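Asks: The sequence isn't on hand, but the structure is:
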């Protein structure tokens, strides 16, 4: 799994260098890209972190780059840096799911704060996705009978009722139940319910 | 009671259709009357001829009867002597001779005994003379018997004899004391009778012939058959027996006078009818021509009246001889007022009267340009308008030059439209300049933003490090160097802009300030006239030349004059005067522009020279800024002060170069 990075995309070398320096002074790991094209070429779906995108660039503009990233299924938060007069464009981008935008000249520490917040948001998202992946893996380890028993346990039914419905002995139900708890890594029915109630999306 | 308008009095109404047939009818009546008269005359004439003929015929018949009577008497005298058995005496001979005289018509005398036997004949005869069926019946036994029994002369039937002659007999019974002694027969030759008994004058006029009971002509006085049909037929009695005497006039008398009269009348009538018809045709042609003429006239009048172009004719002295309605509408005077007017015309605008009369002289001199001349004219209401005048010589139908024909077109609207278009164009250009400047400013802002943003970021980073107290001096040095580099970059951008602005360096040359200002005044004069601003030019004589860019100085002058005019937009018309002056003061030339506008507020005065500052709706706020830049380029100054009489004085100074 890759490291969480703040990707700075700006065609001005001085800006890249200055931002890199600035981020470093706040202990934010970052990487600078000299053009939108270079960044798009290198981009990987499993990257973590955030993107700081300058809107006005010589070749591909920041907005075009944002559109391209969306099409490729990017989930990294994007912070736009806009120049004078680009505010309406940036607002449009925000509606399309950009994380934030800052108008130049920026308050540098405010920018860093936003980046840190974006990184945290991405980390949260990543964690949530990871836990969901775990639950799915655990469920896939259950036998069909265990899966059935889990469904009825989650429905809040007592062991006796479950035994009646499945036409098996109480004892067998208890065995299945303990196996489900064990495989799902929970200790009680409440914990099981909490695990499965987490948002899947 | 509603008022009914009378129909407009039309020109003489066309004559009714019977009007033209009247003379024809009169002529026809006249001819008919004359024809009737002639016919009557002719008939009377024919009657008269006929009457004459009848008279003549009766006379003829009478003549024959008389002759027959005389012959019978002679035969009665001869009878006893011839029938006596004694030889004939001399008296008898003489009488016989007289009876046989050709005049009497008797060609032979026979004397028969009471039994009808021929006792003698003189001249003696042979049967050979008889032809046809008469053979053996001569002398006629029937006639003999009838005469004997009746006791009076009886005529026999006619019969043909040799040589195509016709004869008949008269049997005269001779009685003596009641005893029938015998009969004396006179043989007549019809032919001889006719030949002898018809006198020459009669036969000259008439053909006399005898026809038998079958209608066949058996004897005639003349062989020539007549032409005329006028004939009269009466029974030839004696001798009777179906003989008819036919009298035919050779020719009817031609009456020349009525004929001539008739002929001349006919010719005369024909001539009258023909001339009437010709007259009528002429009248019709004339009427048609008149109608065509009036139609043409109406058409031309309509054309003239509906023209939007004013038309005006003048004689060689410039007196108006004709104007069309469009011209009247244009100037507001009526045609009656205008025609006969001499220049100067009342519709010449007083302020442009010199120019207009110059144009007038040019036209009368025949030097008017073909593309026309523009003059300022005035309506009766005092309203001014610009007109395009196109003049051409007026040539009459004999080729003489009798004046000038001019068309006048109101071009005020056109000029206004042109002016509007020009203003819009200017505005558009200004907008374009503004857009360009805006873009330039935007680019500049972005360009400058980059190094500044970088500096800011470096700076913030440094501060962050310092806050944590964990910065190595080396690191700090590097960053500060970078900050310096970005500052340099920003400076470079600004230098570049400056260089761009400096590209329009002034081109200094020796300049006569007054000349430049006169040119500037010439350029703005039309605008000033439009805005009713009077420009007083007070230029000092003998100003030394200055080193300057004449185009730039002119630009300053125009700008200051325009500003002055703009400032007086709300000033009453009469007070709109702009005073321009040049002076030499303390080694400087001063050009001052004094307006009578509302002056400049103190808060406005502060920002007056700032770029993009303007008090005008359409201004860009660069004018005075540029003017000041130009002044500074020339080491001069641009300043302003309030005018003690109201308004503002702008001063533009230029240093006089030291010799």
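Replies: Structure's in. What do you need? Predicted, not measured: the structure shown is a model, and the values here were computed from it.
Asks: Buried residues, the strand or helix carrying residue B:487. List them.
Replies: Here residue B:487 sits within helix B:473-502, counting by DSSP states H and E. Of the residues in helix B:473-502, B:475, B:479, B:482, B:483, B:486, B:489, B:490 count as buried by neighbour count, 16 or more other CB atoms under 10 Å in any protein chain shown. Where C-beta positions appear, they are placed from N, C-alpha and C, glycine not excepted.
Asks: Stretch B:239-247 now?
Replies: For stretch B:239-247, by 16+ other CB under 10 Å, it's B:239, B:241, B:243, B:244, B:245, B:246, B:247.
Asks: list the contacts for the third one?
Replies: Same thing as residue B:243. In this structure, residue B:243 makes contact with B:158, B:168, B:210, B:211, B:212, B:213, B:218, B:235, B:236, B:237, judged by CB atoms under 8 Å, 6 or more residues apart in numbering or on different chains.
Asks: for the fourth one, same thing?
Replies: With CB under 8 Å, 6+ apart as the criterion, the residues that contact residue B:244 are B:210, B:211, B:212, B:215, B:233, B:234, B:235, B:236.
Asks: what's the distance between the closest residue to it other than its chain neighbours and residue B:164?
Replies: The shortest distance from residue B:244 to any non-neighbouring residue, by CB to CB, 6 or more residues apart in numbering or on different chains, is to residue B:211 (4.8 Å). Distance from residue B:211 to residue B:164, counting by CB to CB, to the nearest Å: 15 Å.
Asks: likewise residue B:536?
Replies: Separation of residue B:536 from residue B:164 (CB to CB) stands at 149 Å.
Asks: same check, this time on residue A:9
Replies: Distance from residue A:9 to residue B:164, counting by CB to CB: 166 Å.
Asks: Neighbour count for those two, which is higher?
Replies: Higher neighbour count among residue A:9 and residue B:164: residue A:9, with 26 against 10, using other CB atoms under 10 Å in any protein chain shown.
Asks: Do you know the pLDDT at the more buried one?
Replies: Here, the pLDDT recorded for residue A:9 equals 93.
Asks: State the phi and psi torsions of it.
Replies: With angles defined as degrees, to the nearest 10, residue A:9 sits at phi -110, psi 110.
Asks: surely it meets residue A:61?
Replies: No - taking contacts as CB atoms under 8 Å, residue A:9 lies outside contact range of residue A:61: 10.6 Å.
Asks: what touches both of those two?
Replies: With CB under 8 Å, 6+ apart as the test, residue A:9 and residue A:61 both reach residue A:36.
Asks: For residue B:23, see how far away the residue nearest to residue B:20 when sequence neighbours are not counted is.
Replies: Using CB to CB, 6+ apart and skipping residues adjacent in sequence, the residue nearest residue B:20 is residue B:280, 5.9 Å away. Distance, residue B:280 to residue B:23, using CB to CB: 9 Å.
Asks: These two: which has the busier surroundings?
Replies: For residue B:280 and residue B:23, the more surrounded residue by other CB under 10 Å is residue B:23, and the numbers stand at 16 against 13.
Asks: which element is that one on?
Replies: Assigned by DSSP H and E, residue B:23 falls within helix B:17-83.
Asks: and that helix, average pLDDT?
Replies: In this model, helix B:17-83 carries a mean pLDDT of 82.
Asks: Next: stretch A:18-37.
Replies: Taken as a whole, stretch A:18-37 has a mean pLDDT of 91.
Asks: First-to-last residue distance for that stretch?
Replies: Using CA to CA, to the nearest Å, one end of stretch A:18-37 lies 21 Å from the other.
Asks: Can that stretch be said to contact chain B?
Replies: Yes - using CB under 8 Å from any CB of the partner chain, stretch A:18-37 comes into contact with chain B via A:18, A:19, A:21, A:22, A:24, A:25, A:26.
Asks: what's the neighbour count on the residue lying closest to residue B:517 once chain neighbours are set aside?
Replies: Using CB to CB, 6+ apart and skipping residues adjacent in sequence, the residue nearest residue B:517 is residue B:557, 5.3 Å away. For residue B:557, the tally of surrounding residues (other CB under 10 Å) stands at 24.
Asks: ok, residue B:557 - contacts?
Replies: Per CB under 8 Å, 6+ apart, neighbours of residue B:557: B:516, B:517, B:520, B:521, B:591, B:652.
Asks: Give me the buried entries from the residues you listed.
Replies: With neighbours counted by 16+ other CB under 10 Å, the contacts of residue B:557 contain buried members at B:516, B:517, B:520, B:521, B:591, B:652.
Asks: Now go through those and say which are in helices.
Replies: Counted as lying in helices by DSSP state H, out of the buried ones among the contacts of residue B:557, are B:516, B:517, B:520, B:521.
Asks: As a quick check, tell me the outermost residue of chain A.
Replies: When distances are taken from the C-alpha mean of chain A, residue A:169 lies farthest, 44.4 Å away, according to CA atoms, centre = their mean.
Asks: residues contacting the closest residue to it other than its chain neighbours?
Replies: In this structure, residue A:169 finds its nearest non-sequential neighbour in residue A:163, 6.1 Å apart by CB to CB, 6+ apart. For residue A:163, the contact set (CB under 8 Å, 6+ apart) comprises A:169, A:170, A:172, A:173.
Asks: repeat for residue B:53
Replies: Applying CB under 8 Å, 6+ apart, we find residue B:53 in contact with B:206, B:230, B:232, B:247, B:249.
Asks: mind redoing it with 7 Å?
Replies: By CB atoms under 7 Å, 6 or more residues apart in numbering or on different chains, the contact list for residue B:53 reads B:230, B:232, B:247, B:249.
Asks: any weak-confidence spans in chain A?
Replies: Segments of chain A classed as low confidence (criterion: pLDDT under 70) are A:1-2, A:84-85, A:198-201.
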